[in-house]
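Student: fold the stuff below for me.
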Amino acid sequence: MSKCRCPWLDESKPDYVKYHDEEWGVPVYDDQKMFECLVLESAQAGLSWYTILKKREGYRAAFADFNIKKVATFTDKDVEELIQNPAIVRNRKKIEATINNAKRFIEVQQEFGSFCRYIWGFVNSKIIVNEMTQLEDYVATSPISDALAKDMKKRGFKFLGSTTLYSHLQATGLINDHSTNCYRRDEIICQYSDNININKQN
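Tutor: Have a look, this model is predicted:
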């Protein structure tokens, strides 16, 4: 018997299904993983997530295995080389934003002790579980992503608006938007039962 999954998922793509089943919506508490997700989400702006997912290993190689401190030291020469790299999205502004964001990420770490502590503060350190029953229930932004985007912009982050950050919050499990009939929704709720805030109003 096949498993029920989220309505947005294209189940004809095995790598997409694997990402949904193993990563999407799983809470992230590790700064390097959080940085990886931010890099990929900012790269996605204007593109499909699947396009970026297929390029993830290219990004891993191009951006020092998402080592925050190393990326923060990238130079103009590195930018010129990255623009020629077909394994990533060759957009100068996005590449420059990634380097800038690594520097801003480190500043947040220094202020809060970790970036994860900072970003989880926007959900009061509790996973928000929404009630998604159909594709029409999914939203592009929320008051939380609006507040996060505003604060991160003030801190100097780039290419991380409210829509991008809402996707980031979904992907990194701060917001559990697996649909109510998706098998992963309840698995995550059970695994993190002490850290859940059910939002019936969506």
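Student: so where's the chain uncertain?
Tutor: 1, 196, 198-202 (pLDDT under 70).
Student: closest to the centroid, which residue in it?
Tutor: residue 168 (2.8 Å; C-alpha atoms, centre = their mean).
Student: can you tell me the closest non-neighbouring residue to that one?
Tutor: residue 41 (4.5 Å; C-beta to C-beta, 6 or more residues apart in numbering). The C-beta positions use only the backbone N, C-alpha and C, and glycine is treated the same way.
Student: next, residue 7: secondary structure please.
Tutor: When classified by DSSP: H, G, I helix; E, B strand; the rest coil, residue 7 comes out as coil.
Student: also residue 128?
Tutor: Classified using three-state DSSP, residue 128 is strand.
Student: tell me, how many residues neighbour the nearest residue to it once chain neighbours are set aside?
Tutor: Nearest residue to residue 128, sequence neighbours excluded (C-beta to C-beta, 6+ apart): residue 175, at 4.8 Å. A total of 22 residues lie near residue 175 under the criterion other C-beta atoms under 10 Å.
Student: now do the contacts for residue 175.
Tutor: 123, 127, 128, 130, 142, 144, 166, 169 (C-beta atoms under 8 Å, 6 or more residues apart in numbering).
Student: surely the last one touches residue 144?
Tutor: Spelled out, that is residue 169. Yes. Under the criterion of C-beta atoms under 8 Å, residue 169 is in contact with residue 144, at a separation of 6.8 Å.
Student: which of the two has more neighbours?
Tutor: residue 169 (24 against 17).
Student: counting by contacts, list what the host helix or strand of the more buried one packs against.
Tutor: Residue 169 is part of helix 162-171, with elements assigned from DSSP states H and E. Counting contacts by 3 or more C-beta pairs under 8 Å, 6 or more residues apart in numbering; DSSP states H and E, helix 162-171 packs against helix 31-44, helix 143-154.
Student: what's the most buried one of those helices?
Tutor: helix 31-44 (a mean of 22; mean count of other C-beta atoms under 10 Å).
Student: is residue 2 in a helix, a strand, or coil?
Tutor: coil.
Student: any idea how far residue 11 is from it?
Tutor: 9 Å (C-beta to C-beta, to the nearest Å).
Student: neighbour count winner among these two?
Tutor: residue 11 (12 against 5).
Student: and the strands in the protein?
Tutor: Secondary structure of the chain (DSSP state E): strands at 127-130, 175-176, 196-199.
Student: that older thread, closest to residue 88 out of the helices and strands packed on helix 162-171?
Tutor: Residue 88 lies closest to helix 31-44 among the helices and strands packed on helix 162-171, at 7.2 Å (C-beta to C-beta).
Student: pretty sure residue 123 contacts residue 142?
Tutor: No. Here residue 123 lies out of contact with residue 142, judged by C-beta under 8 Å, at a distance of 10.3 Å.
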